[in-house]
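# After the sequence you'll find the predicted model.
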Amino acid sequence: SQTIHQWPATLVQPVGSPLSLECTVEGTSNPNLYWYRQAAGRGLQLLFYSVGIGQISSEVPQNLSASRPQDRQFILSSKKLLLSDSGFYLCAWSGDGRYGYTFGSGTRLTVV
Amino acid sequence: AQSVTQLGSHVSVSEGALVLLRCNYSSSVPPYLFWYVQYPNQGLQLLLKYTSAATLVKGINGFEAEFKKSETSFHLTKPSAHMSDAAEYFCAVSDGATNKLIFGTGTLLAVQP
């Protein structure tokens, strides 16, 4: 069966520090991969999605970037964190879009 | 373009009462519709999905939803609320072609004892 792993679960980082969040999927090949952010009271915001290795689409301009160095690995990064980057970050994968997404357990990022 | 509207950002019910969470969609093609649940500090979990088979869809934890094309609705219901149902619920729509889900803004369900 397919599983998705996301880490770390919580992270507290100072303003101006770098960020790297990792997401991996097991049990499937060539998944579509997504990064979402939830800020307090603002619902789900799609940040990036990827349909293959090295293929990244950005949905909103921001201080973050994403990379997909391997088929089942998706990384969210920042060179210098801002206070506004705080939030709950969710990774998800999908195969056929008719069946929805499977989400990871999320990372709570607090920038101080 | 597709969109989803969830009416009511906060809904409060008593334990044992009917749960009704509203979702209306807009889609130019036959939609695929989903309900997800999110407990605090956790990821989203699929409750149920409509993929053009039966219009009444049963999901986990006693929830069900009915696809009504004439009303462009996909409301989520549960006959009797439990305390453990307190969570945030998201409705989502996909056209099945782009692999992108469009999410509603969520409804936070509170269950009072």
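Arrived safely.

# Tell me which stretches of the chain form strands.
Picking chain A for this. Along chain A, the stretches classed as strands by DSSP state E are A:3-7, A:10-13, A:19-26, A:32-38, A:44-52, A:55-58, A:65-70, A:73-78, A:87-94, A:102-103, A:107-111.

# please go with chain B instead
Ranges of strands within chain B are B:3-7, B:10-14, B:19-26, B:32-38, B:44-50, B:56-58, B:64-68, B:73-78, B:87-94, B:102-103, B:107-112, based on DSSP E.

# sorry, back to before: nearest to chain B, of the strands of chain A?
Within the strands of chain A, the stretch nearest chain B is strand A:102-103; the backing value is 3.7 Å (C-beta to the nearest C-beta). No exception for glycine: its C-beta is placed from N, CA and C like everyone else's.

# and stretch B:9-27, how far apart are its ends?
Using C-alpha to C-alpha, to the nearest Å, the end-to-end distance of stretch B:9-27 comes out at 22 Å.

# Give the buried residues for that stretch.
B:11, B:13, B:19, B:21-25, B:27 (16 or more other C-beta atoms under 10 Å in any protein chain shown).

# how about the residue nearest in space to the middle of chain B, what does it touch?
Using C-alpha atoms, centre = their mean, the residue of chain B that lies closest to the mean C-alpha position is residue B:35, 3.6 Å off. Contact analysis of residue B:35 by C-beta atoms under 8 Å, 6 or more residues apart in numbering or on different chains lists B:21, B:23, B:46-49, B:59, B:63, B:65, B:74, B:76, B:89-92.

# residues near the residue lying closest to it once chain neighbours are set aside, how many?
Nearest residue to residue B:35 in three dimensions, chain neighbours excluded: residue B:47, at 4.3 Å (C-beta to C-beta, 6 or more residues apart in numbering or on different chains). When neighbours are defined as other C-beta atoms under 10 Å in any protein chain shown, residue B:47 has 23 of them.

# Residue A:66 versus residue B:47, what's the distance?
Note on residue B:47: its distance to residue A:66, by C-beta to C-beta, to the nearest Å, is 28 Å.

# where does the chain dip in pLDDT?
I'll assume chain A. Along chain A, segments meeting pLDDT under 70 span A:41, A:97.

# actually it's chain B I care about, not the one you picked
B:96-97.

# Kindly recompute the last result at 80.
Residues of chain B that meet the criterion pLDDT under 80 lie in B:1, B:28-29, B:52-53, B:95-99.
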